[in-house]
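Novice: any chance you could fold what I've pasted below:
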Amino acid sequence: MTDSPDLPRPDPRPDARLVGLHAERGDPHARLSAALAALEGADWGLTLAGEAALARQLARLLGPGVVRVDERLGVNRAALAEQGLAAAGLDADWTGARAAWLAEPDERLLRRAERAGVPVIVDATLAPGGGWFTRGAAYVVYRDGVTLTGFSEGELALLFGTGGAPAPAAPAPADVTVALALRDVATLPLRLARGARTVGLLAERLGGGALPFGPTALLLPPDAAPDTPWLPGGVLAATRSVEGGVVFTPGLQDAETALALLRGQPRPVADPLPLVRELAEVREAEPTARVPGRDSRPERPRQEREVRSPVPQPDLPRPDEALPDAPEPPARVTFDAPPVEDVAPTAPAPPAEEEVTWTPEIVFSDFEPESPTPLPTPVSGGPDEPELEVQPPLATAPAPEPEPEVEDVPTEDAAPFQPAEPEPEPAPTAPDLTPDLPTTSGEGGALDPAADLTDEQAAIYARLREWRNAEARRQEVSRFIIASNATLAEIARRVPYTLDDLRAVRGMGPERLRKYGDKILEVVRG
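Specialist: As a prediction, the model looks like this:
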């Protein structure tokens, strides 16, 4: 059963009408003013060409005199003065004023205006649809159309009231500005709801550093954030300095982006694309070895593999080259016969030398013994094991006392380690390499590098050791690969504050500085 077209239908809600307002027929100015007047609960509405036209229309309605203006509003006082209206603060007596221009007034201000016999103008620029006429307001104004459209396009202002509609005394806005407002006002309720939710989250995050300024804005302390190029109330987070502080609206952006704007650190829209050399390093780092028998497909050329890279490639200039019209020959597939096992016994082949991969952070000594000898330092059982005391090696042969030499420090100018050439033997052995372990001193005990530290330096040294041990457990490596006790004691002794200060510490090579420099500075600062 369908409803008869003759039956009266209820009028839609004011906010529901905004969705299809752009598709209605009639004068665009009349449609926009009537729909927004219904949203505010007013009897009439006027569309005006900006704040100067609004001041002119108010001067016609109120007459020349003093207007009490809330200092939190960025009202154009010069435009009011040109029309004979002097803007004054709210502190003095309101008696005799032409009107009181308020922002989000409470019951106290409304009763004060009623006792003084002053009409109230409520500024609903940032929060339309507040229902102020039911609470005693005489007029409601929008100083700009940023909240209506989301963007500051064109000059648009609106004035609403009750009773009979006054004659227009100021120029109307451009038709294209009204057309944009009719198009974008359909999403006004959704944008207001999103902004109100974000304002609630920001008020909890900022605590007492922000005061509510209506449902969609916050009032920050003076000089809390610089002014944005765009006005508050749109889809982007914006700030504007006023006499009472800084008005802040998050718009449609999330709370984290709005907080980054307040801190002066806007978040990037997207991560930057990798450079060409970084892509080449990624391709070279990929393993190329394949298990035999798993894949019998022929390996494609490298040029074809690079074309199908999952990472977007930057545009590079490529000259046009003439190519032959002949089709490419088909790829030839060859199959290898299975190896034939040799029945005759053969001599056992010498075991292949295992390739040893050294961590770049380990500091190697330049001394190479003539014959392989065991390490003079016991090997730790892992990052969770207690630190082992270093024992001196057994005396093997009398040797001249070596001159005391300074601890080897890896520098950027030092040449990379070159392994010794293997001797022509059946099974060449790799040279012994000593990791960056604590050095020994005395007859049999280890020298404590933190013995001469002050109480403050000892506290920094303890924090560094705790961080070093935790990082070693996380990476499942020896703690001395990250940094030795002597290096940590030197850091605690110098108390570096920058990477340049940390670079001067012995034992902090370029690779350690790159990986752990920032974290070490954070631990030093506590």
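
Novice: look up how far G129 lies from A23.
Specialist: 21 Å (CB to CB, to the nearest Å). Glycine gets a C-beta too; all of them are placed from N, C-alpha and C.

Novice: and for E114?
Specialist: Taking CB to CB, one finds E114 at 23 Å from G129.

Novice: next, count neighbours for R512.
Specialist: A count of nearby residues for R512, using other CB atoms under 10 Å, gives 23.

Novice: wait, is V141 part of a strand?
Specialist: Yes - checked against DSSP: H, G, I helix; E, B strand; the rest coil, V141 lies within a strand.

Novice: tell me which residues touch it, please.
Specialist: L54, L58, W101, I121, V122, D123, A124, T125, A157, L158, L159, F160 (CB atoms under 8 Å, 6 or more residues apart in numbering).

Novice: repeat the analysis, applying 10 Å as the threshold.
Specialist: 46, 48, 51, 54, 57-58, 75, 101, 121-125, 157-161 (CB atoms under 10 Å, 6 or more residues apart in numbering).

Novice: of the residues you listed, which belong to helices?
Specialist: E51, L54, Q57, L58 (DSSP state H).

Novice: between the residues you listed, which sits nearest E522?
Specialist: Here the nearest of these to E522, counting by CB to CB, is E51; it sits at 49.9 Å.

Novice: wait, the closest one touches R143, no?
Specialist: Yes - in this structure, E51 is within contact of R143 by CB atoms under 10 Å, at 5.3 Å.

Novice: these two: which has the busier surroundings?
Specialist: With neighbours defined as other CB under 10 Å, E51 and R143 compare such that R143 has more, 25 against 22.

Novice: okay, now the nearest residue to the more buried one once chain neighbours are set aside: neighbour count?
Specialist: Spatial nearest neighbour of R143, excluding adjacent residues (CB to CB, 6 or more residues apart in numbering): T125 at 4.8 Å. The local packing of T125 (other CB under 10 Å) involves 26 other residues.

Novice: and for A451?
Specialist: 8.

Novice: ok, now which ones touch it?
Specialist: A451 touches A458, A489, counting by CB under 10 Å, 6+ apart.

Novice: and after the worst-scoring helix or strand of the chain on mean pLDDT, which helix or strand comes next?
Specialist: Sorting the helices and strands of the chain by mean pLDDT, DSSP states H and E puts helix 302-307 at the bottom, at a mean of 48. Where DSSP states H and E defines the elements, the next helix or strand beyond helix 302-307 is helix 455-475.

Novice: and that next one, what's its mean pLDDT?
Specialist: In this model, helix 455-475 has an average pLDDT of 87.

Novice: export the helix or strand just after that helix as CSV, just CAs?
Specialist: Downstream of helix 455-475, the first helix or strand assigned by DSSP H and E is helix 479-482. Extracted C-alpha coordinates of helix 479-482, given in CSV (Å, rounded to 0.1, in the frame of the first residue of the first chain):
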residue,chain,number,x,y,z
ARG,A,479,76.8,-7.9,25.2
PHE,A,480,80.4,-6.9,24.2
ILE,A,481,79.4,-6.8,20.5
ILE,A,482,77.2,-3.8,21.4
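
Novice: who does helix 479-482 touch, helix- and strand-wise?
Specialist: helix 455-475, helix 485-494, helix 510-525 (3 or more CB pairs under 10 Å, 6 or more residues apart in numbering; DSSP states H and E).

Novice: which among the ones you listed is found nearest to W94?
Specialist: Judged by CB to CB, the one of the helices and strands packed on helix 479-482 that comes nearest to W94 is helix 510-525, at 54.7 Å.

Novice: okay, buried residues for that closest one please.
Specialist: R512, L513, Y516, G517, I520, L521, V523, V524 (16 or more other CB atoms under 10 Å).

Novice: give me the distance between E204 and R197.
Specialist: Taking CB to CB, one finds E204 at 11 Å from R197.

Novice: the closest residue in space to A458 that isn't next to it in sequence: neighbour count?
Specialist: Of all residues not flanking A458 in the chain, A450 sits nearest, at 6.1 Å (CB to CB, 6+ apart). By other CB under 10 Å, 18 other residues sit near A450.

Novice: and if you look at G234?
Specialist: 24.

Novice: I figured it hits V146, correct?
Specialist: Yes - assessed by CB under 10 Å, G234 is found in contact with V146 at 4.7 Å.

Novice: which residues do those two both contact?
Specialist: Common neighbours of G234 and V146 (CB under 10 Å, 6+ apart) are S152, E153, T249, G251.

Novice: tell me the contacts of the residue nearest to the third one when sequence neighbours are not counted?
Specialist: Of all residues not flanking T249 in the chain, P232 sits nearest, at 4.1 Å (CB to CB, 6+ apart). P232 makes contact with 74, 125-126, 144, 146-147, 152, 213, 216-217, 238-240, 246-251 under the criterion CB under 10 Å, 6+ apart.

Novice: among those residues, name the ones in helices.
Specialist: V146, T147.

Novice: picking that back up, do you know how far the residue nearest to T249 is from V247?
Specialist: Distance check for P232 against V247: by CB to CB, it reads 5 Å.

Novice: shared neighbours, the two?
Specialist: Here P232 and V247 share the contacting residues G74, L126, F213, A217, A238, T239, R240, scored by CB under 10 Å, 6+ apart.

Novice: which of those residues sits closest to Q457?
Specialist: Out of these, the member with the shortest distance to Q457 (by CB to CB) is T239, at 44.4 Å.

Novice: run through the stretch 401-526 of the chain and note the low-pLDDT ranges.
Specialist: Scanning the stretch 401-526 of the chain for pLDDT under 70 picks out 401-447.

Novice: for the stretch 51-200 of the chain, same thing?
Specialist: Judged by pLDDT under 70, no stretch of the stretch 51-200 of the chain qualifies at all.

Novice: which residues in it form strands?
Specialist: 65-69, 85-88, 99-102, 120-123, 139-142, 157-161 (DSSP state E, counting those that start in this stretch).

Novice: paired strands for the first one, with orientation please.
Specialist: Which is strand 65-69. strand 85-88 (parallel), strand 99-102 (parallel) (DSSP bridges).

Novice: before we move on, what about the last one?
Specialist: Each strand that pairs with strand 157-161, with its direction, by DSSP bridges: strand 44-48 (antiparallel), strand 139-142 (antiparallel).

Novice: repeat for the fourth one
Specialist: With DSSP bridges as the test, strand 120-123 is paired with strand 99-102 (parallel), strand 139-142 (parallel).

Novice: tabulate the ones you listed (CSV), appending distance to P64.
Specialist: Formatted as CSV, those follow (distance: least, CB to CB, whole Å):
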stretch, distance to P64
strand 99-102, 12
strand 139-142, 17
